[in-house]
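In: with the input below, show me the fold.
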Amino acid sequence: MANQQAIRADWSLKDKLPGLLAAGLIAMALGGCARQSIILVPDPEGRIGKAEVTTSAGKQLLEKPGDMTRTSGRSNPPSAVTTADPAFIAATFGEALAVEPPPPQTFTLLFETGTTALTAESLKSIADIVSASQRRSAISVSISGHTDTTGSDKLNDALALERAQLVKALLLRQGVKPELISVTSHGKGNPAIPTPDGVPEPRNRRAVVIVH
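Out: Model (predicted):
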């Protein structure tokens with residue numbers, strides 16, 4: 001971590017999004033000054049973000065897969081953006097990319113109005129959640145229950161919790177370890193589709209499962 005901190009003192013990164021790899025994590029000294037290469041790469045799901053690399057002397061925007069710039073101290077501007085050779089990326093950062101943890105996987109399960117009964121389509125997703133937790137060797141599975149805005153706060157808080165607990169019971173039945181699962185209730189708070197109070201909205205009657 002000492003090398004990483006020393007490297008990042010020479011430049012700042014703006015709007016860091018999924019898919020950014022700081023190649024400067026392995027730096028070499030050239031002419032008494034550390035040089036770093038910063039390369040933008042897709043995340044494990046193929047998404048690409050943008051990054052602005054800034055020093056006191058200038059900045060460069062990375063926005064396409066393989067975009068690369070180099071820095072050589074905070075008083076020098078980043079180099080012009082070029083495209084990194086895929087072979088260079090694989091040879092230099094293959095090991096680091098291989099151990100990078102995958103991003104969390106999110107599932108949204110919908111319920112029939114006023115009940116803890118999953119819709120037929122959402123019930124099928126239970127098997128997908130179990131498969132994801134096994135395939136990813138999950139370290140946690142969080143379940144949050146939600147309702148639409150019809151009914152009282154007290155009723156919705158209880159119903160949202162029951163929905164989350166129902167999903168937990170289904171996952172436990174399919175072999176997900178109980179110590180991995182956490183359950184919360186949001187009631188009518190944090191709606192997927194904001195509505196005025198008292199408006200039925202099927203997309204808000206849900207449980208959100210995040211597999212880490």
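In: what does stretch 128-135 rub up against?
Out: The contact list for stretch 128-135, computed with CB atoms under 8 Å, 6 or more residues apart in numbering, reads 105, 107, 138, 141, 171, 174-176, 180, 209, 211. The C-beta positions use only the backbone N, C-alpha and C, and glycine is treated the same way.
In: so how far is the strand with the most length in the chain off the chain centroid?
Out: Criterion DSSP state E: the longest strand present in the chain is strand 33-40. Relative to the centre of its chain, strand 33-40 is centred 25 Å away, using CA atoms, centre = their mean, to the nearest Å.
In: next, the angle strand 33-40 makes with the helix or strand following it.
Out: Using DSSP states H and E, the helix or strand that follows strand 33-40 in sequence is strand 51-55. Interaxial angle, strand 51-55 versus strand 33-40 (axes from the mean of the first three to the mean of the last three CA atoms, to 10 degrees): 160 degrees.
In: sheet partners, orientation included, of strand 51-55?
Out: strand 12-14 (antiparallel), strand 58-62 (antiparallel) (DSSP bridges).
In: which parts of the longest one are buried?
Out: Of the residues in strand 58-62, those with enough neighbours to count as buried (16 or more other CB atoms under 10 Å) are 60-62.
In: residue 121: neighbour count?
Out: 9 (other CB atoms under 10 Å).
In: what about it, which SS state?
Out: Three-state assignment for residue 121 (DSSP: H, G, I helix; E, B strand; the rest coil): helix.
In: enumerate every residue touching the nearest residue to it once chain neighbours are set aside.
Out: Once flanking residues are discounted, residue 121 sits nearest to residue 110: 7.5 Å by CB to CB, 6 or more residues apart in numbering. Residue 110 sits next to 118-119, 121-122, 202-203, 205-206 when contact means CB under 8 Å, 6+ apart.
In: secondary structure element holding residue 110?
Out: strand 105-110.
In: residue 198 too?
Out: Counting by DSSP H and E, residue 198 is part of no helix or strand.
In: can you tell me how far it is from residue 117?
Out: Distance, residue 198 to residue 117, using CB to CB, to the nearest Å: 22 Å.
In: more neighbours, those two?
Out: residue 117 (13 against 9).
In: now do the buried residues in the longest helix along the chain.
Out: Criterion DSSP state H: the longest helix present in the chain is helix 153-173. If you call a residue buried by 16+ other CB under 10 Å, then helix 153-173 has these buried ones: 156-168, 170-171.
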